[in-house]
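Asks: I would like to see how this sequence folds:
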Amino acid sequence: MTAGERQQGTRTQAGTSRRRLLAAAAAAPVLAGAGPAAAQARPARTAGADRWAVEPVHTRETDWGGVAHALGRGGNMLRGLIYHTGFPRRDLYVFSDGVHVTPGLALGTHVAFVRYADGSTMLMGDVVVTEDEIQQVSEAWQEHGIEQTALHKHLLAQTPDLWWTHVHAHGHDPVALARGLRAGFDRTGTPPARPPEHVPVDLDTAAIEAVLGIKGSIEDGLFKCLFLRRETIVDGHLALPSGLGSTSAFNFQPLGGGRAALSGDFAMVADEVQDVLRTLLRGGIKLVELHNHHLSEYPRLFFTHVWAVGDAVELARALRPAVDLTNVVPAG
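Replies: So this is what the prediction gives:
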C-alpha cells in the first residue's frame, strides 16, 4: 500500500467514525426520552442518512384544529404528513426589477407542522417581513421560544425593503408553538385570510412542463413547479417528510405576450452548488442569495434564490440543466 493510499484510508476511517458519533449523538435525546411517550417511540433508520431518527406520522386536518384556532386561519394537509398554512402578504405593493410582484410570486409566508412518532411536533416556516417589522417580530419569537434559522432576501432591489426569515420550533404542545408563532405575526401587517384568487395564467404551461419534465400547478394567477430532494433529510434527530424544507420551487408570473417573471429557489448539497450557480449564470438567470435554511440538518443543504424576466419557455430551458445537476424528483 502506498503512502497516499494509507492517507486516504485514514481519512475514510475518520469520516466513518465521525458519522457514527453524530448518529449516536442524534439518537441520545430520543432514547433517553422525557416521559412515557418518548420512551415508547422507536427511532427508525432513515434511507440515505447515516444516523437514527424519529419518523413523522400521518395526521388529518381535524387533528390540527387547535393550531388553526391559535393561528387565526385554517390550513391544509400535504402528503398526509404536513399541516400547512399560508399567510400571503397581500397588504404589500412590491416592485422588483420593474415588475409588480404579486403575493404568490414571492410574498407568501408559509408555516408547516409535523407530528412525530414520539408524540412531539416540529414547526417550520418561511416568513415575509418588512425591514420596519423584522426586529420587533424577532423579539416576539425569541420571547416565545420560536427559533430563527435564516434571515435573507428573495428579491433583488425590491421596494419596499423586505426580508425573509425561517422559523423553527420543536415541542410536545403544538398549540403553544402556534401561539408563539402568532405573537410574531401580530407585530406585522399580515392581513386576514381570504380565499385564493382564480386568475387565468397567460403562459404556455404545457411547453414549460415539457421542458422541465414536470406537471406544474396553477395557483393565484401563477404557474408553479416543485421538485423534491430524493434524500431523507434529518434535522437534529427528526426525519423531515419529503417536501418539507428541502424543495426546489419555481414560480412563473405572467407579464403578457408569453413573458414571465421567474422567482425560484434551488435546494442543493455542497457538491452541487458551484455547478448549479455556474449553469444558472450561463443561462441568464440572476442569483439573489446563497444561504442555509436549517441549523442542524444532515445532509447539509444550501439554497439559492434566483430571479429572471423573459420568455417563460426560454426561462424554463435555462433552468432545466441546473435542475438536472441536483438530486431531485418532480413533486407528484
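Asks: quick one, helices of the protein?
Replies: In the chain, the helices defined using DSSP state H lie at 3-32, 36-40, 65-71, 103-106, 134-143, 174-185, 205-212, 270-282, 312-323.
Asks: between the ones you listed, which gets the lowest average pLDDT?
Replies: Among the helices of the chain, helix 36-40 carries the lowest mean pLDDT, at a mean of 31.
Asks: who touches stretch 206-216?
Replies: Residues outside stretch 206-216 that contact it (Cβ atoms under 8 Å, 6 or more residues apart in numbering) are 205, 223-227, 250, 252, 312-313, 316-317, 319-320, 323, 330-331. (Each C-beta comes from the backbone N, C-alpha and C, glycine too.)
Asks: Next one, pLDDT for the residue nearest the centre of the chain please.
Replies: The centre of the chain sits closest to Gly245, judged by Cα atoms, centre = their mean, with a distance of 3.3 Å. Looking at Gly245, its pLDDT reads 91.
Asks: State the distance from it to Gly216.
Replies: Gly245 sits 21 Å away from Gly216, going by Cβ to Cβ, to the nearest Å.
Asks: Give me the neighbour count for Ile215.
Replies: No Ile there; residue 215 is Lys. Residues lying near Lys215 (other Cβ atoms under 10 Å) number 12.
Asks: OK, contacts around the nearest residue to Pro196 once chain neighbours are set aside?
Replies: Using Cβ to Cβ, 6 or more residues apart in numbering and skipping residues adjacent in sequence, the residue nearest Pro196 is Asp220, 5.1 Å away. Residues near Asp220 by Cβ under 8 Å, 6+ apart: 88, 102-104, 196-197, 199.
Asks: what's near enough to touch Gly243?
Replies: So Gly243 contacts 78-79, 82, 226, 228, 331 (Cβ under 8 Å, 6+ apart).
Asks: that older thread, how far away is the residue nearest to Pro196 from His154?
Replies: Counting by Cβ to Cβ, the gap from Asp220 to His154 is 16 Å.
Asks: on that earlier part again, from the contacts of Gly243, pick the one nearest His237.
Replies: Using Cβ to Cβ, Ile82 comes nearest to His237 of the contacts of Gly243, at 18.5 Å.
Asks: and that closest one, what pLDDT?
Replies: Confidence score, pLDDT, at Ile82: 98.
Asks: would you list every one of the strands in the stretch 151-300 of the chain?
Replies: Along the stretch 151-300 of the chain, the segments classed as strands by DSSP state E, counting those that start in this stretch run 162-171, 217-219, 222-229, 234-235, 238-239, 247-256, 259-268, 286-291, 297-298.
Asks: Gly75 is in contact with Asp63, isn't it?
Replies: No: taking Cβ atoms under 8 Å as the contact criterion, Gly75 and Asp63 are not neighbours in contact, 11.2 Å apart.
Asks: between these two, who's got more neighbours?
Replies: Using other Cβ under 10 Å as the criterion, Gly75 and Asp63 rank with Gly75 on top: 20 against 14.
Asks: List the residues that contact the more buried one.
Replies: 61, 64, 67-68, 83-86.
Asks: circling back: can you tell me which of the contacts of Gly243 are classed as buried?
Replies: 78, 82, 226, 228, 331 (16 or more other Cβ atoms under 10 Å).
Asks: Tell me the one of the residues you listed nearest Leu280?
Replies: Leu226 (17.9 Å).
Asks: List the contacts of the closest one.
Replies: Contacts of Leu226 (Cβ under 8 Å, 6+ apart): 214, 216-217, 243, 247-250, 330-331.
Asks: Are any of those residues buried, and if so which?
Replies: By neighbour count, with 16+ other Cβ under 10 Å, the contacts of Leu226 hold 214, 216, 243, 247-250, 331 as buried.
Asks: would you turn those into JSON lines with distance to Val288?
Replies: Formatted as JSON lines, these follow (distance: Cβ to Cβ, whole Å):
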{"residue": "Ile214", "distance to Val288": "22"}
{"residue": "Gly216", "distance to Val288": "22"}
{"residue": "Gly243", "distance to Val288": "22"}
{"residue": "Thr247", "distance to Val288": "17"}
{"residue": "Ser248", "distance to Val288": "14"}
{"residue": "Ala249", "distance to Val288": "14"}
{"residue": "Phe250", "distance to Val288": "13"}
{"residue": "Ala331", "distance to Val288": "22"}
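Asks: quick one: least confident of these?
Replies: Gly243 (89).
Asks: what's the burial count for the residue lying closest to Arg230 once chain neighbours are set aside?
Replies: In this structure, Arg230 finds its nearest non-sequential neighbour in Asn327, 4.9 Å apart by Cβ to Cβ, 6+ apart. Asn327: 16 surrounding residues under other Cβ under 10 Å.
Asks: List the contacts of Asn327.
Replies: With Cβ under 8 Å, 6+ apart, Asn327 has these contacts: 229-231, 269, 272.
Asks: Alright, calling it a day.
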